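A.B. asks: Give me coordinates for this.
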Amino acid sequence: MNILSMETSTQLGGVAVVVNGVVVAEVSSLRQKSHSENISPFISECLRESNLKLEDIDAFAVGQGPGSFTGIRVAANAGKSFSYSFNKPLIALDSLTLLAEQVRGSNKPVLSIINAYKNMVYIGLFDVSGNTPLYIKGPEAIPVRDIGKYISTEVIVVGDGWSAYHPYFSEEVKNNLQRFEHYPDFPQARTLGILAERQLLLASSAELQPAPNSDWKTFRPLYIRASEAEETKRGILITPLT
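C.D. replies: Numbering: from 1, shown residues only. Take a look at the predicted model:
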């Protein structure tokens, strides 16, 4: 199975091609403001490296957020266009799940936290002991000061919300967060492609047609928060960290 995956919901934007569970091509960049400029050349480069054409792709996968409102739309628009044009499935997976997948196999819960700015984080708590990360809590957006209310036991923490805000965490919260620097802090296109293929194969083995969340017409971004313009209009203020 050939999967073309596109993840642009955070600072790290990337494209990957996964063939039968193996990542055969991947390109990424940490320049968030360039995602719209990079998406097309990244797709072309990955297809060239994998010796495939768009018509050879069996399914397209996109990250649906939460994350940057503009960034989410970059991958989503490309994926929806390809899915419609080639009549192939569009698999959408959320960025918190992708982060948790990158730590899968742990015997402890995983806390995915993405910087939502304005002293907020997107957050999800996961059981990663099985084949796919499963939500224990979330997804939602919470003030940084409320992270302590989200966990009561030791968890592994991953995501750029840690690097942005951990100096403001209480000592009690820090004592419950186990941190491994080698885990990537952004959702990756390679992870998206592997998970998307897994979802399609599970749906096929269970004779679920179409696979869940695989139709471009029903795709919905996972925004969670209102846009910055909407929050400003409503008079929502930044919550102090201290």
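
A.B. asks: Please count neighbours and contacts with C-alpha atoms only from this point.
C.D. replies: Noted.

A.B. asks: And residue 139, how far from residue 16?
C.D. replies: 25 Å (CA to CA, to the nearest Å).

A.B. asks: Pick out whichever of these two has more residues nearby.
C.D. replies: Neighbour tally, residue 139 and residue 16, criterion other CA atoms under 10 Å: the higher count belongs to residue 16, 30 against 21.

A.B. asks: got the contact list for residue 100?
C.D. replies: 110, 111, 112, 126, 128, 133, 158 (CA atoms under 8 Å, 6 or more residues apart in numbering).

A.B. asks: neighbouring contacts of stretch 62-78?
C.D. replies: Contacts of stretch 62-78 (CA under 8 Å, 6+ apart): 5-10, 32, 35-36, 39, 79, 90-96, 114-116, 122, 192, 220-224, 227.

A.B. asks: Make a PyMOL selection of whichever of the residues you listed turn out to be buried.
C.D. replies: One line in PyMOL is enough to select the buried ones among the contacts of stretch 62-78; burial here means 16 or more other CA atoms under 10 Å:
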select buried, resi 5+6+7+8+9+10+32+35+36+39+79+90+91+92+93+94+95+96+114+115+116+122+192+221+222+223
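
A.B. asks: Now the residue nearest the centre of the chain. Its backbone dihedrals?
C.D. replies: In the chain, the centroid-proximal residue (CA atoms, centre = their mean) is residue 95; its distance is 1.7 Å. The phi/psi pair for residue 95 (degrees, to the nearest 10) reads phi -70, psi -30.

A.B. asks: wait, it sits on residue 9?
C.D. replies: Yes. With contact defined as CA atoms under 8 Å, residue 95 reaches residue 9; the gap is 7.3 Å.

A.B. asks: Now for the chain, the helix or strand with the poorest mean pLDDT.
C.D. replies: helix 228-234 (a mean of 52; mean pLDDT, DSSP states H and E).

A.B. asks: Quick one: end-to-end distance for stretch 12-26.
C.D. replies: End-to-end for stretch 12-26, by CA to CA: 12 Å.

A.B. asks: before we move on, the earlier item: mind pulling up the pLDDT for the residue nearest to the centre of the chain?
C.D. replies: The model reports residue 95 with a pLDDT of 97.
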